[in-house]
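>>> Test case, fold it:
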Amino acid sequence: MFFRDVEKRLPELTEILEKAAELGASDVMLRRGLPIFYKVGGTWYHFSDPLGDVNEYVLAIGKLVGYEGFEERLDREKELDLSLSLPSGLRLRVNVSYTSDGPLIVGRLIRQDIRFLEDLGFLEASAKALIAALSKRRGMILVTGVTGSGKSTTLAALIHWLNRNTSSNIVVIEDPIEYVFVPERSAIHQREVGSHTHSFARALRSAMRQAPDVIMVGEMRDGETIKTALTAAETGHLVISTLHTKSAAESVTRIVDVLPAEDKPQARQQLASSLSIVISQKLVPATGKGKLVLAYEMFVKNDAVRNLIAKGEDTMESQIREQIRTGKQEGMVLLEERLAQLVKEGLVLPETAMVYANRLEELHTQFRNYGIDPTRPILREERRLAEGTASSPDSAEEGREGGEGKLRLFGGR
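Reported below is the predicted structural model:
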């Protein structure tokens, strides 16, 4: 299928991936006819001249992961998700797929320094609510958001807290494995879909027979996984998982909607009983050099939220938002309020907050609450200090002038 000069590509691929870490990139992309792309602070920059054939890089990835039958499986399935470790210790989540221009390789860098919960950017009340829910070791905690919103980092911080502070039997199911945990007070068993199990649902059913205290499911992708996860949470286990939703309230609707009509009433009752906390998060460009800051929405189940979920009325989402609005002391916060707080603290520009808000009207209300005037002209010096070389490394400005080895903005600027 591919050319066989793989050995000389291994050091080249390693250098490309190590460069991503050097630049502080979150992602790296390789495809024939395009330069190497690095994503820094939420913006894509290109590095190098357009690439030729990347088939040998694909084979080099197969060699690095030591995946038996790698070529055959890629040829059969047309796309693969893999975890990749370099000799330097750098780890990446890699997706390899086919396009009309040949193979596409996209790697997401994985931080190896698992962060403490209090360092992620949660408000003190929110962090306390999370720790209280973790300490109970039962129920369900959901972390939601689009791809690239930092869900894996938050999940890792939750497991890290449990590992350091509880004596638990923890089963982690991912596709692929991202953070590697070193057991401290807890026993941690990490399983990868495709390598150690055939599916999330099957691994979750198996985990129920492994005397777990905590089960982390990388993603609830289908109805079978959701049903099994709800049962696990309802029967005295702590289940931690993710969904692709943009608001905390929407997550409840999404879970119920995935299931067949005959299962919906039971699912609502299970959610009302077992759902502890939902966090919906985004990584927002900060007023710094290539930095991102966490903005999130969070609700903590109380009696009012439990009743709203159980009833499942059409107005449930808006009513949950009202509970979030009044639940600050319990650790709840609306995304728009958190964005306004970040603007007030000088961490995010008002116009950036407007892009990332789910409800602009709500954001403007929060701006007024915090005394922010988004229409006030920002002076040149303020903007220079705020933006700096925002969402680009120091070398990006030089790279825009061109020249080999420089970073340039996507689109050739």
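
>>> which residues of this protein fall in strands?
27-31, 36-40, 43-47, 79-85, 91-99, 102-110, 139-144, 169-174, 187-192, 214-217, 238-243, 275-285, 292-300, 407-409 (DSSP state E).

>>> Take those strands and write them to CSV, including distance to Phe116 and mean neighbour count.
Yep, even glycine has a C-beta here, placed from its N, CA and C like the rest. Below are the strands of the chain laid out as CSV (distance: least, CB to CB, whole Å; neighbours: other CB atoms under 10 Å):
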stretch, distance to Phe116, mean neighbour count
strand 27-31, 24, 21
strand 36-40, 24, 22
strand 43-47, 28, 20
strand 79-85, 23, 17
strand 91-99, 19, 18
strand 102-110, 17, 20
strand 139-144, 16, 24
strand 169-174, 17, 23
strand 187-192, 17, 17
strand 214-217, 17, 26
strand 238-243, 16, 25
strand 275-285, 16, 24
strand 292-300, 13, 24
strand 407-409, 31, 21
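
>>> what about the protein, any weak spots by pLDDT?
Counting by pLDDT under 70, the chain shows low-confidence ranges at 1-5, 289, 376-413.

>>> Kindly state the domain boundaries assigned to it.
When the chain is parsed with automatic domain parsing, its domains come out as 9-110+396-409, 117-333.

>>> now the strands of the chain in a markdown table, with distance to Leu339?
Shown next, in a markdown table, are the strands of the chain (distance: least, CB to CB, whole Å):
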| stretch | distance to Leu339 |
| --- | --- |
| strand 27-31 | 24 |
| strand 36-40 | 22 |
| strand 43-47 | 19 |
| strand 79-85 | 32 |
| strand 91-99 | 28 |
| strand 102-110 | 25 |
| strand 139-144 | 17 |
| strand 169-174 | 30 |
| strand 187-192 | 34 |
| strand 214-217 | 28 |
| strand 238-243 | 21 |
| strand 275-285 | 7 |
| strand 292-300 | 5 |
| strand 407-409 | 25 |
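
>>> Go through these and name the closest to Val65.
Val65 lies closest to strand 79-85 among the strands of the chain, at 5.3 Å (CB to CB).

>>> Would you mind confirming that Ala353 makes contact with Glu337?
No - if you go by CB atoms under 8 Å, Ala353 and Glu337 don't touch, sitting 10.7 Å apart.

>>> These two - which one has more neighbours?
A direct count of neighbours by other CB atoms under 10 Å for Ala353 and Glu337 places Ala353 higher, at 25 against 21.

>>> could you measure that one against Arg191, distance?
39 Å (CB to CB, to the nearest Å).

>>> can you pull out the helices in the stretch 101-250 of the chain?
124-136, 151-165, 200-207, 223-234, 248-258 (DSSP state H, counting those that start in this stretch).

>>> Which one, of those helices, ends up nearest to Lys282?
helix 151-165 (10.4 Å).

>>> Remind me what that closest one packs against, helices and strands.
In terms of contacts (3 or more CB pairs under 8 Å, 6 or more residues apart in numbering; DSSP states H and E), helix 151-165 is packed against helix 124-136, strand 139-144, strand 169-174, strand 214-217, strand 238-243, strand 275-285.

>>> Apply 6 Å and report the result again.
Using 3 or more CB pairs under 6 Å, 6 or more residues apart in numbering; DSSP states H and E, the elements in contact with helix 151-165 are strand 139-144.

>>> Can you give the strand pairings for the strand it packs on, parallel or anti for each?
With DSSP bridges as the test, strand 139-144 is paired with strand 238-243 (parallel), strand 275-285 (parallel).

>>> Keeping just the C-alphas, turn the last one into PDB.
Right, the one you point to is strand 275-285. Output of strand 275-285 as PDB, limited to C-alpha atoms (Å, rounded to 0.1, in the frame of the first residue of the first chain):
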ATOM      1  CA  LEU A 275     -26.800  13.000  38.000                       C
ATOM      2  CA  SER A 276     -24.600  15.000  40.300                       C
ATOM      3  CA  ILE A 277     -22.900  17.700  38.300                       C
ATOM      4  CA  VAL A 278     -22.800  18.800  34.700                       C
ATOM      5  CA  ILE A 279     -19.900  21.100  33.500                       C
ATOM      6  CA  SER A 280     -20.100  22.500  29.900                       C
ATOM      7  CA  GLN A 281     -16.800  24.200  29.100                       C
ATOM      8  CA  LYS A 282     -15.000  26.100  26.400                       C
ATOM      9  CA  LEU A 283     -11.400  27.200  26.000                       C
ATOM     10  CA  VAL A 284     -11.400  30.900  25.100                       C
ATOM     11  CA  PRO A 285      -8.500  32.900  23.600                       C
END
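
>>> That strand vs strand 43-47, what angle?
Angle of strand 275-285 versus strand 43-47, following axes from the mean of the first three to the mean of the last three CA atoms, to 10 degrees, is 50 degrees.
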